[in-house]
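**Student:** Structure for the following, please:
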Amino acid sequence: MAPIVTRAVPTNRRTILLSIFVAFGFLFGYDIGVISSPAIYHHVSAFGWNIRTATETSIAQMSIGRFIAGLGVGAMSAIVPYSIQWRDCTQSPSRSTPRVIPIANHYGYLPELHLDLATHTISNSASWRIPVGLQMLWGLILLSGIFFLPESHPLVEELVEELMFGIRAENEHGKATWLECFSTRNALWKRTINGMMLQFIQQLNGQNFYYYYGDTFFKSAGTELSPYVIQTILGAVSVVGTVPALYIIEAWGRRRSLLLGAVMEAACSLIAGLVGHFTLAPTGTPTSLLTARNKQGGDTMIAFAVLHVFSFSIFWGPVPWVYLGESFPLRVRPKAIALGSATNWLWNFLLSFFAPRIAEDIGPLILLIFFGMLTFGWFYVYFSFLKLED
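**Tutor:** Residues are numbered from 1 along each chain as shown. Coordinates of the predicted model:
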């Protein structure tokens, strides 16, 4: 009798693994070079993706591939905000360029969700190998774009020289250290802590809970939509929300945007959590046995979940990244961005690990935890010891 082969189909475990490895990648990818980093780390990621797609049954090989890919993704994610901000500083006084990063991130995320939706019905390993393997194509596009970066305009050469003179003057006492990010000079320690705190609060807003576990969570709401359709809807809502974010951040500023976003998301979490707790049927109840009250409660919870994700995409999604890209002098900016980014992925891992276990015990009331975190976020931003507009 032939042995039974169990396929290693990726689950939400991949979210946890990627979070760990990307957080580590952020910390060492910041100082390889603005131009060379994407080229180098694209190959690192591609090597990891190749390892993952080369097996169908080996969890160990998939984990190794995820580790290598995570290092590459983390390093590239740390250098992109820095490199974009660098080009922005050398070409114009506008601060809008770094604010495109979250929008570009969501526009890249949505096609991947559609690809998952299109391939999930395939009955063999191609259902997950195609989406994973095509990540190499996106990396190749990024790599190819490096060769088309425009040369500096002659009119900005003088400005570039002035910037380089300032950088050389800052580096006279040696290369910036990690501890310098927490120095009292120019209130750097306050800026660094603010950047890390905003990333910490961002990850505990609740939106990633919907992204990672929304399919399972919404089943208790009586929805008949497939998990892939739900994730695609959330992704589309995120893309729509990032469009007005560009104007709102510029017109209202970081502080007002975060305060309003915290209020809107906290209200969504509170309403969805209480409605879900008091109206949803027990887990495992057949759809045919759901009452009108159960279905209405489920519809309400899903509606406020979508509104929560939409609000996040406008406010707490982009603003913490904008703060990282705009708030530090060039000498310490790479390290400060790396610290903030690593904080983001560390708490992404903790959320991925603990959230399903908590939700299993208390159900929709887990949303009240996010309500509490958003309330804390509002007070932190309001009473911040360094104004976010500085």
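**Student:** count of neighbours near S238?
**Tutor:** Neighbourhood size, S238 [other CB atoms under 10 Å]: 25. Where you see a C-beta, it was placed from the backbone N, CA and C, and this is true even at glycine.
**Student:** can you pull the contacts of it?
**Tutor:** H106, Y109, L110, V309, F310, F312, S313, G317 (CB atoms under 8 Å, 6 or more residues apart in numbering).
**Student:** Which parts of the stretch 201-350 of the chain are helices?
**Tutor:** Assignment of helices within the stretch 201-350 of the chain using DSSP state H, counting those that start in this stretch yields the ranges 207-219, 227-279, 292-314, 319-326, 333-362.
**Student:** Any chance of the ones you listed in TSV with distance to L140 and mean pLDDT as columns?
**Tutor:** Formatted as TSV, the helices of the stretch 201-350 of the chain follow (distance: least, CB to CB, whole Å; pLDDT from 0 to 100):
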stretch	distance to L140	mean pLDDT
helix 207-219	26	76
helix 227-279	23	87
helix 292-314	28	87
helix 319-326	25	84
helix 333-362	23	86
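**Student:** closest to S183 out of those?
**Tutor:** Closest to S183 of the helices of the stretch 201-350 of the chain, according to CB to CB: helix 333-362, at 11.3 Å.
**Student:** Now do the buried residues in the closest one.
**Tutor:** Across helix 333-362, burial judged by 16 or more other CB atoms under 10 Å covers 333-349, 351-352, 355-356, 359.
**Student:** Check which helices and strands it sits against.
**Tutor:** helix 13-28, helix 59-91, helix 188-203, helix 207-219, helix 319-326, helix 366-382 (3 or more CB pairs under 8 Å, 6 or more residues apart in numbering; DSSP states H and E).
**Student:** ok, of the ones you listed, where does mean pLDDT dip lowest?
**Tutor:** Among the helices and strands packed on helix 333-362, helix 13-28 carries the lowest mean pLDDT, at a mean of 46.
**Student:** What number of residues are in the vicinity of S123?
**Tutor:** 6.
**Student:** how much space is there between it and V319?
**Tutor:** Distance of S123 to V319, given as CB to CB, to the nearest Å: 43 Å.
**Student:** just checking, T55 touches Q61?
**Tutor:** Yes: using CB atoms under 8 Å, T55 is in contact with Q61, at 4.4 Å.
**Student:** Could you export the helices of the stretch 201-350 of the chain as TSV, including distance to N186?
**Tutor:** TSV is the format used below for the helices of the stretch 201-350 of the chain (distance: least, CB to CB, whole Å):
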stretch	distance to N186
helix 207-219	33
helix 227-279	18
helix 292-314	30
helix 319-326	14
helix 333-362	12
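**Student:** Quick one: residues contacting R129.
**Tutor:** Taking CB under 8 Å, 6+ apart, one finds T53 in contact with R129.
**Student:** In terms of helices and strands, where is it?
**Tutor:** Element membership for R129 (DSSP states H and E) is helix 126-133.
**Student:** tell me which residues in that helix are buried?
**Tutor:** Applying 16+ other CB under 10 Å to helix 126-133 flags S127, W128, R129, P131, V132 as buried.
**Student:** With just CA atoms, put it into PDB.
**Tutor:** The C-alpha coordinates for helix 126-133 follow below in PDB (Å, rounded to 0.1, in the frame of the first residue of the first chain):
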ATOM      1  CA  ALA A 126      -0.500  24.900  -8.000                       C
ATOM      2  CA  SER A 127      -3.200  26.700  -5.900                       C
ATOM      3  CA  TRP A 128      -0.500  28.100  -3.600                       C
ATOM      4  CA  ARG A 129       2.600  27.700  -5.700                       C
ATOM      5  CA  ILE A 130       1.400  30.100  -8.400                       C
ATOM      6  CA  PRO A 131       0.800  33.000  -6.000                       C
ATOM      7  CA  VAL A 132       4.000  32.300  -4.100                       C
ATOM      8  CA  GLY A 133       6.100  31.900  -7.300                       C
END
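**Student:** what mean pLDDT would you report for it?
**Tutor:** Mean predicted lDDT for helix 126-133 stands at 79.
**Student:** Would you agree F182 is in contact with W189?
**Tutor:** Yes: taking CB under 8 Å as the definition, F182 is a contact partner of W189 at 4.2 Å.
**Student:** Need the residues touching each of those two.
**Tutor:** Counting by CB under 8 Å, 6+ apart, nothing touches both F182 and W189.
**Student:** pLDDT of whatever helix or strand V44 lives in, averaged?
**Tutor:** For V44, the host element (DSSP H and E) is helix 36-53. The predicted model gives helix 36-53 an average pLDDT of 68.
**Student:** Which one of the buried residues of helix 126-133 is nearest to G48?
**Tutor:** Nearest to G48, judged by CB to CB, of these is V132 at 10.0 Å.
**Student:** which of the residues in stretch 283-303 are buried?
**Tutor:** Neighbour-count burial for stretch 283-303, counted by 16+ other CB under 10 Å, picks out L290, N294, K295, G297, G298, T300, M301, I302.
**Student:** Look up how far V322 lies from the fourth one.
**Tutor:** Distance of G297 to V322, given as CB to CB: 37 Å.
**Student:** Please apply the same query to the last one.
**Tutor:** Using CB to CB, one gets 30 Å for the distance from I302 to V322.
**Student:** What of the first one?
**Tutor:** Noted for L290: a distance of 43 Å to V322, by CB to CB.
**Student:** Could you export the buried residues of helix 126-133 as a markdown table, including distance to E224?
**Tutor:** As requested, these are exported to a markdown table (distance: CB to CB, whole Å):
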| residue | distance to E224 |
| --- | --- |
| S127 | 21 |
| W128 | 24 |
| R129 | 28 |
| P131 | 24 |
| V132 | 28 |
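**Student:** between these, which is nearest A245?
**Tutor:** P131 (26.8 Å).
**Student:** Name the nearest residue to the closest one, sequence neighbours excluded.
**Tutor:** Leaving aside its sequence neighbours, P131 sits nearest to L115 (CB to CB, 6 or more residues apart in numbering; 5.1 Å).
**Student:** Quick check: the one you found touching L134?
**Tutor:** Yes: applying CB under 8 Å as the test, L115 and L134 come out as touching, 6.7 Å apart.
**Student:** Same drill for the two, tell me which one is more crowded.
**Tutor:** When neighbours are counted by other CB under 10 Å, L134 comes out ahead of the other of L115 and L134, with 16 against 13.
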